[in-house]
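Student: Next input, structure requested:
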Amino acid sequence: MQLAITEYFSGFTFIQVIDLLLVFLLVFQLYRSVKGSIAFNIFIGALIIYLLWRLVAWLEMPLMSEIVNRLVSIGLIGLIVLFQPELRKFLINLGRRPTSGIFRRLFEKSGLKKYIAEEEIINETMEAIHKFIKEKVGATLVIARSDKYQLDTNSGVLVNGLVSSELLNSIFSVDSPLKNGAVLIDNNQLVAAGITLPISDSQKMAAHRGLRHRAALGAAENGEVIAIVISQETQEVSVALDKVLMESLNLEEVKKLMYEALVG
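Tutor: The predicted structure follows:
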């Protein structure tokens with residue numbers, strides 16, 4: 001082990017420099033992405049076990065090496081099982097989207113953390129939309145693309161909770177007093193529910209479209225947001241983005257627009 005490390009650092013090459021930098025960046029971004037969450041403790045525990053594994057191998061302690069080797073083997077399987085949903089999402093999106101966008105996100109400031117948050121918002125929102133359509137529920141969802149928006153959160157109820165399909169479905173349920181307003185999502189937080197949106201006076205919108213659609217377009221006209229409307233009468237889904245209302249979209253089209261708006 002000691003000989004292998006010595007050989008690695010002797011005659012240091014440019015490729016080895018890149019190798020070390022990439023490892024450092026990956027570990028650092030992973031640390032920042034899980035800091036402050038439950039996964040942070042798992043990250044620290046896995047790091048301690050890895051360092052212990054390398055230490056006992058370097059000190060040539062056969063009994064401890066055997067124990068830690070077994071622990072590492074079991075631990076790797078445990079981590080795969082524990083993070084199975086996250087790994088599955090990552091692999092699906094890796095095959096569906098250009099890898100350049102993923103790696104660009106990975107190495108920019110707070111990129112990995114933001115990428116995970118955006119993925120979570122999209123998945124939870126799409127799950128809620130699917131249920132809205134199935135149960136014939138109307139809803140208006142506004143998702144901030146940046147901090148450049150002007151919406152009156154005081155017109156509704158502050159929530160400040162993590163985005164989840166269950167929370168969205170409860171807000172727009174038949175018995176909910178907040179069902180006729182919109183929800184505002186920003187940075188993986190459902191900021192407020194039941195808020196009133198600015199109404200668009202666009203003459204391009206079809207006359208039969210109701211207040212929900214005009215409010216969604218009004219939100220998109222007054223800030224960098226993507227607004228999604230589910231019609232209670234027809235179960236059609238429309239999206240307001242970049243001051244344009246796109247109507248009667250299927251779920252794949254809605255998901256694609258969300259990726260383009262939030263992930264890029």
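Student: Let me see the ranges of the helices in the protein.
Tutor: Using DSSP state H, the helices found in the chain span residues 2-9, 14-34, 38-58, 62-82, 84-96, 99-107, 111-134, 165-171, 211-221, 251-258.
Student: Off-centre distance for the second one?
Tutor: For helix 14-34, the distance from its own C-alpha centre to the chain's C-alpha centre is 22 Å (CA atoms, centre = their mean, to the nearest Å).
Student: Tell me the pLDDT of the closest residue to Ala117 other than its chain neighbours.
Tutor: Nearest in space to Ala117, with sequence neighbours left out and distances taken as CB to CB, 6 or more residues apart in numbering, is Asn188 at 3.9 Å. (Each C-beta comes from the backbone N, C-alpha and C, glycine too.) Per-residue pLDDT puts Asn188 at 78.
Student: got it, and Met258?
Tutor: Turning to Met258, the model gives it a pLDDT of 91.
Student: In contact with Thr153: list those residues for me.
Tutor: 184, 191-192, 195 (CB atoms under 8 Å, 6 or more residues apart in numbering).
Student: quick revisit: pull the contacting residues for the residue nearest to Ala117.
Tutor: Asn188 neighbours (CB under 8 Å, 6+ apart): 117-118, 120-121, 162-163.
Student: now Ile230, which residues is it bridged with?
Tutor: Beta bridges link Ile230 to Ala139, Val237, judged by DSSP bridges.
Student: didn't it look like it was pressed against Lys134?
Tutor: No - Ile230 lies out of contact with Lys134 (CB atoms under 8 Å); the separation is 10.7 Å.
Student: Give me the phi and psi for Thr234.
Tutor: Torsion angles at Thr234 (phi, psi; degrees, to the nearest 10) stand at phi -110, psi -10.
Student: Check what pLDDT it gets.
Tutor: Confidence score, pLDDT, at Thr234: 90.
Student: Check the one 10 residues further on too.
Tutor: Looking at Val244, its pLDDT stands at 91.
Student: That one bridge partners, please.
Tutor: Applying DSSP bridges, one finds that Val244 bridges with Leu241.
Student: ok, residues contacting stretch 228-248?
Tutor: Against stretch 228-248 from outside (CB under 8 Å, 6+ apart): 125, 129, 132-133, 136-143, 202, 205-206, 209-210, 212-213, 216-217, 219-221, 226-227, 249-251, 253-254, 257-258, 261.
Student: Buried only: go through these for me.
Tutor: Burial by neighbour count, 16 or more other CB atoms under 10 Å: within the contacts of stretch 228-248 this picks out 125, 129, 132-133, 137-143, 209, 212-213, 216-217, 219-221, 226-227, 249, 254, 257-258, 261.
Student: tell me the domain boundaries of this structure?
Tutor: 2-82, 117-263 (automatic domain parsing).
Student: Deepest-packed of those, please.
Tutor: Compared across the domains of the chain, domain 117-263 shows the largest average neighbour count, a mean of 17 (mean count of other CB atoms under 10 Å).
Student: just how off-centre is that one within its chain?
Tutor: Going by CA atoms, centre = their mean, where domain 117-263 is centred and where its chain is centred differ by 16 Å.
Student: what mean pLDDT does stretch 217-229 have?
Tutor: So the average pLDDT for stretch 217-229 ends up being 92.
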